[in-house]
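Asker: A predicted structure for the sequence below; I have some questions about it.
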Amino acid sequence: MTPHETPSGRLGRRTALGLLGAAGMTAVGAHMASAEGSRTGTDGSFAHSGPAPRSLRPGGEFDRLLARLAAQDAFSGTVLLARKDRTVLARSYGQADKQRSIPNGPDTLFSLGSITKVFTAVAVAQLAQQGKVAFHEKLGTYLGGFPAEIADSVTIHQLLTHTSGMGDFMAEEGYRTESRKWTTPEQVMDGCLAFVRGAPLQFAPGTGWRYSNSGYHVLGSIISEVSGQSYYDYVRENIFRRAGMAGADFFTKRQWREDPRIAHPYTTEHQPRGERVDAMDYYLYTGIPAGNSFACASDLVRFTKALLGHELLNSAYTELTLSAKVPKPPLPPKPGVPAHTPFDSYATGTDIIGDQWVVGHNGGAPGTFANLEWFPGSGWIAIVLTNYDRDSDNTVVATARRLITAS
């Protein structure tokens, strides 16, 4: 599950905590200062009037890039660009199942990887809105089984913002061997949590930033404890159904393998001749709060509109959840790529690129990559879903971002 940003760096305690309040005042999701020539949109963001730029329309620069990559077998999947209530470009290429010759299409379901963390975070915010969870409270208030130095020091805020000091349970010794034995959703949830409980913190809570699958698995377990439902049922009922995401779900590995609607993952990792092989065996029995739910591109559009339209949270909690909280170390600059200033919110990466906010998350693993971004200043939503490995330059995502922010 590839993080939105490469985990790195530590922040001084005073710097990190001091910036939390200042950055948190920025309202990214619901209330943005209007740019000249803009109008307020029904989803709370601002959209420029006039037609979409030619570069993003059918036959334009971005469309030609997709066709070229697909012809080279360098891209397989679905891309959807939307602005306000209109689809500007929708393309599907490649095969969902090479063995059965099933093509990718607009309704194909793809692994979302760590985009799942956004659903987990919104679920926590729903429980906070209901007064059942408090962001300042300690982990031990809601979930047992942790040593006191973790239970009494890590907060919900820190789990959401990757500042808890927790790392990645998937890297723990014995995880790969043990996880292959799990054959029910309950075993997956409990088994992963056992590895999280047994791992030490990487740094004192609140003093650094490290992308954390462990922290988000803990949040999923808290959702279950507080709601009285399984994590999976809570998200299905309160996120997927409420947002109108008809195809979205958590699937077992058998369903993934057999259901013709779901794209198989194809990877070239560890293949000496670069051939693509089905990577299904890499994955757990089912997805978890940190990653690997499934959806099609239109499901993600519906989710984004439901979230920004206050259908999942009220306006105050939408703004709270999506506003920038913690500054993150930026990635090294690349020639021709606009500089960006990255933050974490309670659900997404929330970055400044030029003079615009770009909000979203991505995720992936062998044979899968998914990217969801929206642009509050111009009303764009950009979705890239692929059943191939993420390319090193992230060409499709980077090109869409460059063209949208320049429009």
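Answerer: Looks like it came in fine.
Asker: For the protein, which segments count as helices?
Answerer: 13-24, 61-71, 116-129, 148-151, 156-160, 175-179, 185-197, 213-227, 231-235, 241-243, 253-258, 297-308, 315-322, 395-406 (DSSP state H).
Asker: Name the stretch from the ones you listed where average model confidence is lowest.
Answerer: The minimum mean pLDDT among the helices of the chain belongs to helix 13-24 (a mean of 33).
Asker: can you tell me how far residue 314 sits from residue 307?
Answerer: Distance, residue 314 to residue 307, by Cβ to Cβ, to the nearest Å: 12 Å. Just so you know, the C-beta spots here come from the backbone N, C-alpha and C atoms, and that holds for glycine as well.
Asker: more crowded one of the two?
Answerer: The residue with more neighbours, out of residue 314 and residue 307, is residue 307; 27 against 13, by other Cβ atoms under 10 Å.
Asker: Hmm, the more buried one is touching residue 313, no?
Answerer: Yes: Residue 307 is in contact with residue 313 according to Cβ atoms under 8 Å; the separation is 7.3 Å.
Asker: Common neighbours of those two, please.
Answerer: Here residue 307 and residue 313 share the contacting residues residue 122, scored by Cβ atoms under 8 Å, 6 or more residues apart in numbering.
Asker: Just the buried positions in stretch 219-239, please.
Answerer: Residues 219-224, 226-227, 230-232, 234-236, 238-239 are the ones in stretch 219-239 that count as buried (16 or more other Cβ atoms under 10 Å).
Asker: What of stretch 117-132?
Answerer: Buried, per 16+ other Cβ under 10 Å, within stretch 117-132: 117-129.
Asker: same thing with stretch 172-191?
Answerer: Buried, per 16+ other Cβ under 10 Å, within stretch 172-191: 172, 175, 179, 182, 185, 188-189, 191.
Asker: same question, stretch 298-317
Answerer: 298-313, 317.
Asker: Identify the bridge partners of the nearest residue in space to residue 77 that is not next to it in sequence.
Answerer: Nearest non-adjacent residue to residue 77, counting by Cβ to Cβ, 6 or more residues apart in numbering: residue 386, 3.3 Å away. Beta-bridge partners for residue 386, by DSSP bridges, are residue 77, residue 369.
Asker: Just to check, residue 386 is in contact with residue 75?
Answerer: Yes: between residue 386 and residue 75 a contact is recorded at 6.4 Å, counting by Cβ under 8 Å.
Asker: residues touching the most centrally placed residue in the chain, list them.
Answerer: Central residue of the chain (Cα atoms, centre = their mean): residue 115, 2.1 Å from the mean position. Residues in contact with residue 115, defined by Cβ under 8 Å, 6+ apart, are 291, 293, 300, 361-363, 370-372.
Asker: do that again at 10 Å, thanks
Answerer: 1, 4, 291-293, 295, 300, 303, 348, 360-364, 370-372, 383, 385 (Cβ atoms under 10 Å, 6 or more residues apart in numbering).
Asker: Restricted to strands, list those residues.
Answerer: 295, 360-364, 370-372, 383, 385 (DSSP state E).
Asker: From these, pick the one nearest residue 105.
Answerer: Taking Cβ to Cβ as the measure, residue 105 lies nearest residue 385 of the ones in strands among the contacts of residue 115, at 11.4 Å.
Asker: ok, how many other residues are close to the nearest residue to the closest one once chain neighbours are set aside?
Answerer: Distance criterion Cβ to Cβ, 6+ apart; nearest residue to residue 385, sequence neighbours excluded, is residue 110 at 3.9 Å. By the measure other Cβ under 10 Å, the count of residues near residue 110 is 27.
Asker: what bridges to residue 110?
Answerer: Bridge pairing for residue 110 - DSSP bridges - gives residue 295.
Asker: Tell me, how many residues neighbour the spatially closest residue to residue 368 that is not a sequence neighbour?
Answerer: Excluding its sequence neighbours, the residue lying closest to residue 368 (Cβ to Cβ, 6+ apart) is residue 111, at 4.2 Å. Under the neighbour criterion other Cβ under 10 Å, residue 111 is assigned a count of 30.
Asker: got it, and residue 103?
Answerer: 13.
Asker: With residue 87 instead?
Answerer: With other Cβ under 10 Å as criterion, residue 87 counts 14.
Asker: which residues does it contact?
Answerer: 80-81, 106, 297-298, 301, 381.
Asker: Present these as CSV; the columns should include distance to residue 139.
Answerer: CSV is the format used below for the contacts of residue 87 (distance: Cβ to Cβ, whole Å):
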residue, distance to residue 139
80, 37
81, 40
106, 41
297, 35
298, 36
301, 34
381, 34
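Asker: Show me which pair in the residues you listed is furthest apart.
Answerer: The widest separation within the contacts of residue 87 (Cβ to Cβ) is 14.9 Å, between 106 and 381.
Asker: out of the two, which sits in the busier spot?
Answerer: Comparing residue 106 with residue 381 by other Cβ under 10 Å, the one with more neighbours is residue 381, at 26 against 13.
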